[in-house]
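Participant: sharing a sequence plus its predicted fold:
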Amino acid sequence: MTDNLLHGTVSVRGVVFNPRGRCVILKRASDAEWELPGGRLAPDEAPRAGLRRELTEETALSVEVDDIVAANSWINDDNTDRLAIHYRCNTATEPVDLSAEHTDYRWVSPGATASVLCESQVEAVAAATKPTAQMSGASHCTCGAGDCPLHAES
């Protein structure tokens, strides 16, 4: 057993596909880097509910949140532990209404993300494009979804 445990914040990200199979990426206002939409969970907020909130705030898109496709942890530049959960999402709409957190957006082919997103987000996009998206970077959840906090609807 280790005494050095992760004590971090949890982020949820959406790999959001439009009907043409393109995914949306957003340009952060803070550093002009591209990212998948999403953000940190509020205390006691279920991951899917938090992702829906973040997607609404950042893009105003109406989305269907599907399965978890990737999860990863890291220590950020502020020496803070972080955990990210990536979900495959679908939307029937394409116009994006950006929040003040972002300055631009693009609908891009999954392959085009490799040149603009960080490695973990590129891996999440790749996992989300597989016909039967399986979680990468962590074991696939076999909880049956009933009581699992990762699968909770609200």
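Facilitator: Everything's here; your move. Numbers count the residues shown, from 1 in each chain.
Participant: count the residues that sit near residue 32.
Facilitator: 9 (other C-beta atoms under 10 Å). (Glycine included, C-beta is placed from N, CA and C.)
Participant: which residues touch it?
Facilitator: For residue 32, the contact set (C-beta atoms under 8 Å, 6 or more residues apart in numbering) comprises residue 103.
Participant: any idea which helix or strand carries it?
Facilitator: Using DSSP states H and E, residue 32 maps to neither a helix nor a strand.
Participant: pull out the buried positions in the top strand by length along the chain.
Facilitator: If you go by DSSP state E, the chain has its longest strand at strand 64-75. Applying a neighbour-count criterion of 16 or more other C-beta atoms under 10 Å, one finds 65, 66, 67, 68, 69, 70, 71, 72 buried in strand 64-75.
Participant: what is it packed up against?
Facilitator: helix 47-59, strand 81-90, helix 119-129 (3 or more C-beta pairs under 8 Å, 6 or more residues apart in numbering; DSSP states H and E).
Participant: please tell me how far residue 12 sits from residue 118.
Facilitator: Here the criterion is C-beta to C-beta, to the nearest Å. By it, residue 12 lies 16 Å from residue 118.
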